[in-house]
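1. after the sequence you'll find the predicted model.
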Amino acid sequence: MTKIVPLTTLSLITAAGMALAHGDVAPQPMNTDALPDVGEEWLIENPYRDQGEEVWKAAIEIGDSGYNQNCARCHGLGGVSGGLAPDLRYLEAEEYGDEWYMERFISGYTQNGITKMPAFGDLLGQKAAWAIRTYIETRPDDGALDDLTPRLKEIRDELAGGAGDVEALKAELAEIAGEVETASGAPVADSPAFRAANLLDRESPDVKGATQALTIGLSAAN
């Protein structure tokens, strides 16, 4: 693996904060059957970034579950760190961000003989690693939803009340989703608007699911 480019944001994390990281967490297995194989040799760039929308969405969904089972305790719900461990959202969605992430995922992190982060590589495998990475890099930046939240709440209420034009609201949600910036620089954010739009973009639109996605997502953003 080539040398990792250090990230300013991550270098500011103190040793005292890292001392409270997840040395005693038992990794939880992840079902990655829905994702294409990536080979046995560990890669240094996210293979699910450019394999089409279907694979990319599956990676986000699987990565969401895997992250919240294995990483959120220390790195924060939704990737928003409270300062005890690096805020992974700010790892650039490019090869050098991938390399830093994979080095820690595979080997873990030990300081002065104390495990601050366990090695997940052999326990979870490469497909799980890249699924989590895909979820992390698509997280919205801090404040990215602030100006959009009032309208998203209105759309949620319209959907919940059954009074809105589902097709028109789906189109508006998709447009709003395109305005949400990621912290990593990835082109599309896994935002409440993105999730709701996709739930409505089905043969039988999942209005209830879209309403819940907006409610949960906006609550988490606040």
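-> In hand now; what should we look at?

2. let me know the secondary structure of the residue lying farthest from the centre of the chain.
-> Of all residues in the chain, residue 163 sits farthest from the chain's C-alpha centroid, using CA atoms, centre = their mean; the distance is 32.1 Å. Here residue 163 is coil, with the state taken from DSSP: H, G, I helix; E, B strand; the rest coil.

3. domains in the protein, by residue range?
-> Listed domain ranges for the chain are 8-137, 149-221 (source: automatic domain parsing).

4. before we move on, the earlier item: now the residue farthest from the centre of the chain: how far from residue 180?
-> As defined by CB to CB, to the nearest Å, residue 163 lies at a distance of 25 Å from residue 180. C-beta coordinates here come from the backbone N, C-alpha and C atoms, glycine included.

5. before we move on, what about residue 96?
-> 24 Å.

6. related to what we said a few turns ago, for residue 143, find the nearest of the domains of the chain.
-> Of all these, domain 149-221 sits nearest to residue 143, with 9.2 Å by CB to CB.

7. can you get me the start-to-end distance on the closest one?
-> 9 Å (CA to CA, to the nearest Å).

8. go on, stretch 67-82?
-> Distance across stretch 67-82, first residue to last, is 16 Å (CA to CA).

9. state the mean pLDDT of that stretch.
-> The predicted model assigns stretch 67-82 a mean pLDDT of 90.

10. what does residue 117 show for phi and psi?
-> phi -150, psi 130 (degrees, to the nearest 10).

11. my error: substitute residue 204 in the last question.
-> The phi/psi pair for residue 204 (degrees, to the nearest 10) is phi -120, psi 100.

12. what residues sit buried inside the longest helix along the chain?
-> Scanning the chain for the longest helix, with DSSP state H as the assignment, gives helix 53-70. Residues of helix 53-70 classed as buried: 55-64, 66-68, 70 (neighbour count, 16 or more other CB atoms under 10 Å).
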